[in-house]
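**Q** Here is a sequence together with a model predicted from it:
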Amino acid sequence: MTPVLDVLPIFRYPLPADDVFISLLPKLREPIKNAAASATGISVSDVRLLSPVANPGKIVAATVNYVKHLQEVADNPNLRHQNAAHLRPIQEIGLFLKASSSEKVGEMSVKVSEN
């Protein structure tokens, strides 16, 4: 993959609002196919997949992953800032937006299912 990625432009701050790799994907598709044809395969179980978008503009998150966080907020009044909505059951809340500037964005992972 490294030779394929060498064609990506180098940016300095401020970064573009979109993901450069995704925006250049049509141009990179053929080089990616060629690199994949000669690469040694790696099992998905042997890798850790991180966020597929390097510079996301918006992140939509599902609250079902935040049961532990909800309990932390319930236990600590300082975390809920007198906002009763912070104590609503997870099944009622649904989806929420997460700031792309969050320090945890780079740690987001993608769940891969074989089904």
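**A** Received it, and whenever you're ready, just let me know what you need. Numbers count the residues shown, from 1 in each chain.
**Q** what packs against the longest helix anywhere in the chain?
**A** When the chain is scanned for its longest helix (criterion: DSSP state H), the result is helix 25-38. Counting contacts by 3 or more CB pairs under 8 Å, 6 or more residues apart in numbering; DSSP states H and E, helix 25-38 packs against helix 2-5. To be clear about C-beta, it is placed using only N, CA and C from the backbone, and glycine gets the same treatment.
**Q** Could you pull out the strands in the protein for me?
**A** 59-62, 95-98 (DSSP state E).
**Q** Would you convert these into JSON lines that also reports mean pLDDT and mean neighbour count?
**A** Shown next, in JSON lines, are the strands of the chain (pLDDT from 0 to 100; neighbours: other CB atoms under 10 Å):
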{"stretch": "strand 59-62", "mean pLDDT": "73", "mean neighbour count": "12"}
{"stretch": "strand 95-98", "mean pLDDT": "73", "mean neighbour count": "11"}
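**Q** Can you add distance to Ser43 and give those back as CSV?
**A** Supplementary listing: the strands of the chain in CSV, determined by distance: least, CB to CB, whole Å:
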stretch, distance to Ser43
strand 59-62, 27
strand 95-98, 30
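**Q** which one of these lies closest to Leu15?
**A** Minimum separation from Leu15 across these (CB to CB) falls at strand 59-62, 15.5 Å.
**Q** In the sheet, which strands lie alongside the closest one, parallel or antiparallel?
**A** strand 95-98 (antiparallel) (DSSP bridges).
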